[in-house]
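Asker: Dropping the sequence and predicted coords here.
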Amino acid sequence: MQAHAAAGEAGPLAYEALCVATARTVFRGDVWVRMVEVLESLDPAVRAEAAGELGRLYAGFSSADRPQTKVLRLLQAVGADLPGDPLAAERAAELEKLGTEVSIWWDGDVQAAAECELAAGRPLSAPVVAFLRRCALEAYRRPEMAALARKLTDPVLNVGEAWAEQAMEEAAEEPWRALLAHAATATSAKPTATWDKAALTLIEPLGTDAVRAAVLGWLPLVGRPRTFAYTTVRSGPDANLAFDPYNANALRGLTWILALLPAHPDTARALGALVETSLKKVPGLGPVNPKVANAAVTALARTDSREALAELARLATRVTYKGTLKLLDAALDTRARALGLGREEIEELAVPAYGLTEVGRLATQLGDVTALLEIQGAKAVLRWRSATGKEVKSVPAAVRRDHPEELKELKAAVKDIDKMLGAQAERLDRQFLARRTWSYAAWRERYLDHPLVGSLARRLLWTVDGTTVGFADGALRTLTDDPVEHGTEVALWHPVGREPAEVVAWRDWLERHAITQPFKQAHREVYLLTDAERATGTYSNRFAAHIVRQHQFHSLAAVRGWRNKLRLCVDDEAPPATRELPQWGLRAEYWIEGEGEEYGVDTTESGSYLRLRTDQVRFYPIGAPENSAHCCGGEYRMRLRDGAQPVEPLPLTEIPPLVLSEVLRDVDLFVGVASVGNDPTWQDGGPGGRFRAYWTSYGFGELNQSAETRRALLARLVPRLAIAGRCTIEGRFLHVKGELRTYKIHLGSGNILMTPNDEYLCIVPKGSAQTAAQTGYLPFEGDRTLAVVLSKALMLAKDTEITDPTIVSQIRRIRR
Amino acid sequence: MGTVTFVDETTSGDRGAAFGLDIAEERLTARELIRRRVFQEVAEFNARAEPHLFQGLVQPQDTERVLNGYALRTPRRIDPEVQAERALAAFAGNGFLVLVGDRQITDPDEEIELPLGVEVTFLKLVPLVGG
């Protein structure tokens, strides 16, 4: 190159430079620096010639697929200070390509080119502005980039997101535009007094109602797919699924603005929805934008209204992301303290009735038409009755025409009720371990007769002064249907410690009254201490030595109120999965460790383990020092600080049966759902066949409690079937003799082994549409595995008649 | 004339609410028994003011499965003939089992004795495919 430069050969020089600039291989920085030096030291005439040559080369040049910031730099170096700026068009074109990129860490070339364009009085396009702003927000930005970004004021938000584009369209005029611009300056966790003051000044001329209506129109669009996708996909999480970081700040600003407006039910609703949208999980990233979620929670906490409080209480049962949950807890605690109430009480009082006038029901007159809002099971349903009393399913035209506002309200109420019912059912499910009792009067008001909660509470069993009661035919009734009118103390009923006959009798009672419980209560699994656990003393091995999918386990644990840390395949320590039970002064621990060591096979791309190996369940006093173990496995040790003494685990015999049962139920759920043993495609044993023995023992091993029940049912059922002659129940299996082979169907998993060599036969239920293949009254849910076992038995008894080629080929497979 | 009790048994071992059906004959084919049951449940459904949740043996056309039955997208009457055809097709394809007393009936044309108070159980199954 230097030779070409010395000879003043502009053509070859330009060609060489372009080659260096577009080289895909990583070239040495000093080569580049020297090249730029050579170019800049050229005689302007030669350089102008080189620029002309470069322009010609550029026209025929295709670097379409990745950002060529080096080309940009080259164009800058060759042409920028020449008269007439001969490469301006090329530079603008290169810059334009960056508009569909996420960002780059920092590159002076980009900044210089952008400054140059601005200096020349050519405005940057909206996508380029967005790109530069994103660059300025990168963690390793340099102040120059931030200074440049500050100069870019138009457009007011970043393009590429549906909500922002809508907002910019609606708020194109001043002072709306100024409000959006102000929102985008929300870069801290909380607004300052100055920020609030400036916001109020902007809101004032617009009117609070207009501002609220506008903002609430934009928020539902948050989280929609981007209006254009980024071209370069970086390794790691897909940026197309994340929020634009600049717009995310603006979203925070909008939540601050909403908190400044007078309280309104729609605001609470929209903020709650924004929390959930912002916590949706994105692969490799986790919650999409906790900052926005937290801002929305803070806004709710600052809003003094019943609706906002209700929304906080609802979110507290739904959100599992730790940071946001902490904010929610703090907000609820603050509110409880302000009202002089307990935290549980505030959550109970926060449940709104959404206009329901009696338990699970609301009838409103809209002109001639009656609107009926009814809770049916876990859902709210809106029905219509015309003046003549005839029911119509769709919304009558008269209502659409004359009462659009009321209609909108009713439809919103239906949605709110659905969400709240789910949240309340979960809250009630957690009350088993909350050790709560209520005074009879308060309980009637907040539970049994509460318009919304009542629809759940009336389907549960309670104890009133020690007597178990359920609600049927308009009254609380005992097992013998005698009404119970009064009482002093009420608690939630749990089957632990009850006589099995009583539990069965209550199940029959529920069935007789056709009551479907909102969650398993009468049919709740009970886990009692086993002899093996009495022998091991301080720990339970009941759920040890399972292989579970880490991410599934992690999210299940969070939903059930456990604290867990994702284990990365790195040199680090982590505590076990724990559940704190402050009401009992206990902490439950489930010991786990990462499984495998091969990156990419045993881990995700980001290095977190795909699978965990499980170990003991233990209990400690709640304040005991934390246990931890190396992520890759090894012994758990107590981390002692400040001369603390180690604390021994508690003997299982000292754990209250209710706590033991509920904790083991959680753990059984984790294993039952997240175990790789559930996956029929793992018959080869997964990576390297390592888990074959585990998979086999899980799929064909000892029966658990529910499988034992299944066995008893089958023993009753099978003799009545036409295929009875071909079936026998032996040990853990239902043996079915077909024409071609004999099949052993495992009663626990429904998996099948075939004679002569216990070969696995893979048959799975068809399609997801059929997942609940039962009808009629169900007390809570059916036993799907039993249905699967029976269906398989019937199919295999006539194995010569099977037509599905994927099954036939397995059965008729000739072993070589 | 005798009353036959129909029971839907779920695979969790729980039994649905039984309902009785008056049957004049002492012997019927399984085909006819299923038809009678289906006609009865369709008649009850159609008699309702606003029929939108069908709780019956087999799923009617153009409906959605919900927790306790099949939801109709728009309220309408169900054709008992069509519904009976679907039930018989499901029966032939192992969609459900029929137990009369303690015996499973497999042939739709088999004549069944129906002594007084006999219980007919319907048991639902799961469609399977190879994997």
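Answerer: Received it, and whenever you're ready, just let me know what you need.
Asker: Ends of stretch A:284-293, what's the gap?
Answerer: 18 Å (C-alpha to C-alpha, to the nearest Å).
Asker: Buried residues, that stretch. List them.
Answerer: For stretch A:284-293, burial by neighbour count (16 or more other C-beta atoms under 10 Å in any protein chain shown) applies to A:287-293. Quick note: C-beta positions are derived from backbone N, CA and C, even for glycine.
Asker: Out of those, name the ones that lie in helices.
Answerer: The helices, defined by DSSP state H, take in A:290-293 from the buried residues of stretch A:284-293.
Asker: Show me the residue of chain A that gets nearest to chain B, please.
Answerer: residue A:806 (2.9 Å; C-beta to the nearest C-beta).
Asker: quick one: that residue is in a helix?
Answerer: Yes - according to DSSP: H, G, I helix; E, B strand; the rest coil, the state of residue A:806 is that of a helix.
Asker: Run a quick neighbour tally on residue B:116.
Answerer: 9 (other C-beta atoms under 10 Å in any protein chain shown).
Asker: Model confidence for it, exactly?
Answerer: Residue B:116 carries a pLDDT value of 76.
Asker: Can you tell me how far the residue of chain A closest to chain B is from residue A:600?
Answerer: 30 Å (C-beta to C-beta, to the nearest Å).
Asker: Of the two, which one has the most company?
Answerer: residue A:806 (13 against 10).
Asker: next helix or strand past the helix or strand harbouring residue A:210?
Answerer: For residue A:210, the host element (DSSP states H and E) is helix A:208-218. Under the assignment DSSP H and E, the closest C-terminal helix or strand after helix A:208-218 is helix A:245-260.
Asker: just how off-centre is that following helix within its chain?
Answerer: 22 Å (C-alpha atoms, centre = their mean, to the nearest Å).
Asker: how about whatever helix or strand comes next after that helix: buried residues?
Answerer: Using DSSP H and E, the helix or strand that follows helix A:245-260 towards the C-terminus is helix A:265-278. Across helix A:265-278, burial judged by 16+ other C-beta under 10 Å covers A:265, A:267-278.
Asker: Show me the longest helix that occurs in chain A.
Answerer: helix A:404-430.
Asker: Rounded mean pLDDT for that one, please.
Answerer: 88.
Asker: what lines up beside the helix or strand immediately after it in the chain in the sheet?
Answerer: Going down the chain from helix A:404-430, the next helix or strand is strand A:437-439, by DSSP H and E. Here strand A:437-439 is paired, per DSSP bridges, with strand A:489-492 (antiparallel).
Asker: Would you mark the buried spots in the helix or strand just after the partner strand?
Answerer: The helix or strand immediately downstream of strand A:489-492 is helix A:500-512, counting by DSSP H and E. Buried residues in helix A:500-512, counted by 16+ other C-beta under 10 Å: A:503, A:505-507, A:509-511.
Asker: how about CSV for these, with pLDDT added?
Answerer: Below are these laid out as CSV (pLDDT from 0 to 100):
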residue, pLDDT
A:503, 85
A:505, 88
A:506, 91
A:507, 83
A:509, 90
A:510, 88
A:511, 80
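Asker: quick one: which of those is nearest to residue A:481?
Answerer: Distances from residue A:481 to the buried residues of helix A:500-512, taken as C-beta to C-beta, are shortest for residue A:509 (8.2 Å).
Asker: does the closest one really touch residue A:470, like I thought?
Answerer: Yes - taking contacts as C-beta atoms under 8 Å, residue A:509 lies within contact range of residue A:470: 6.3 Å.
Asker: ok, back up a step: now tabulate the buried residues of helix A:500-512 in a markdown table and tack on distance to residue B:57.
Answerer: What follows is the buried residues of helix A:500-512, written out as a markdown table (distance: C-beta to C-beta, whole Å):
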| residue | distance to residue B:57 |
| --- | --- |
| A:503 | 31 |
| A:505 | 30 |
| A:506 | 29 |
| A:507 | 24 |
| A:509 | 27 |
| A:510 | 24 |
| A:511 | 20 |
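Asker: Of these, which are in range of chain B?
Answerer: residue A:511 (C-beta under 8 Å from any C-beta of the partner chain).
Asker: Without its sequence neighbours, what residue ends up closest to residue A:605?
Answerer: If the residues on either side of it in the chain are set aside, residue A:605 comes closest to residue A:284, at 7.0 Å by C-beta to C-beta, 6 or more residues apart in numbering or on different chains.
Asker: if we can go back for a sec, what are the buried residues along the helix holding residue A:210?
Answerer: Buried-residue list, helix A:208-218, by 16+ other C-beta under 10 Å: A:211-212, A:214-216, A:218.
Asker: For chain B, which residue occupies the most central location?
Answerer: Closest residue to the average C-alpha location of chain B: residue B:57 at 3.8 Å, with C-alpha atoms, centre = their mean.
Asker: give me every residue that touches that residue.
Answerer: Residues in contact with residue B:57 (C-beta atoms under 8 Å, 6 or more residues apart in numbering or on different chains) are A:775, B:8, B:34, B:37-38, B:41, B:87, B:90, B:96, B:122.
Asker: Could you count how many residues lie near residue A:548?
Answerer: Neighbourhood size, residue A:548 [other C-beta under 10 Å]: 25.
Asker: pretty sure it is in a helix, no?
Answerer: No - looking at residue A:548 with three-state DSSP, it is strand, so not inside a helix.
Asker: list the contacts for it?
Answerer: A:592, A:611-612, A:614, A:670-671, A:674-676.
Asker: can you rerun that using 6 Å?
Answerer: A:612, A:674-675 (C-beta atoms under 6 Å, 6 or more residues apart in numbering or on different chains).
Asker: Most neighbours of all the residues you listed, which one?
Answerer: Neighbour max across the contacts of residue A:548 (other C-beta under 10 Å) = residue A:612, 28 neighbours.
Asker: What values do phi and psi take at that residue?
Answerer: Dihedral angles of residue A:612 (phi, psi; degrees, to the nearest 10) stand at phi -120, psi 150.
Asker: Quick check: bridge partners of it?
Answerer: Here residue A:612, judged by DSSP bridges, has bridge partners residue A:548, residue A:594.
Asker: I'd guessed it sits against residue A:592; true?
Answerer: Yes - using C-beta atoms under 6 Å, residue A:612 is in contact with residue A:592, at 4.6 Å.
Asker: Flag every residue of the stretch 601-750 of chain A that's near chain B.
Answerer: Residues of the stretch 601-750 of chain A lying near chain B by C-beta under 6 Å from any C-beta of the partner chain: A:680, A:713, A:720-722.
Asker: Between all of those residues, which two are separated the most?
Answerer: Longest span within these, C-beta to C-beta: A:680 and A:720, 29.1 Å.
Asker: what's the burial count for residue 35?
Answerer: In the absence of a named chain, this looks at chain A. Residue A:35, neighbours per other C-beta under 10 Å, totals 21.
Asker: switch to chain B, that's the one I care about
Answerer: Neighbours around residue B:35, by other C-beta under 10 Å: 20.
Asker: For the longest strand seen in chain B, name the packing helices and strands.
Answerer: In terms of residue count, the longest strand belonging to chain B (DSSP state E) is strand B:2-9. Applying 3 or more C-beta pairs under 6 Å, 6 or more residues apart in numbering or on different chains; DSSP states H and E, we find strand B:2-9 packed against strand B:19-23, strand B:119-124.
Asker: Tabulate the CA atom coordinates of that strand in PDB.
Answerer: In PDB, the C-alpha atoms belonging to strand B:2-9 read as follows (Å, rounded to 0.1, in the frame of the first residue of the first chain):
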ATOM      1  CA  GLY B   2     -87.500 -51.100  34.000                       C
ATOM      2  CA  THR B   3     -85.100 -48.300  34.800                       C
ATOM      3  CA  VAL B   4     -81.500 -48.600  33.700                       C
ATOM      4  CA  THR B   5     -79.000 -46.500  35.600                       C
ATOM      5  CA  PHE B   6     -76.300 -44.800  33.600                       C
ATOM      6  CA  VAL B   7     -73.000 -43.900  35.200                       C
ATOM      7  CA  ASP B   8     -70.000 -42.100  33.800                       C
ATOM      8  CA  GLU B   9     -66.900 -43.400  35.500                       C
END
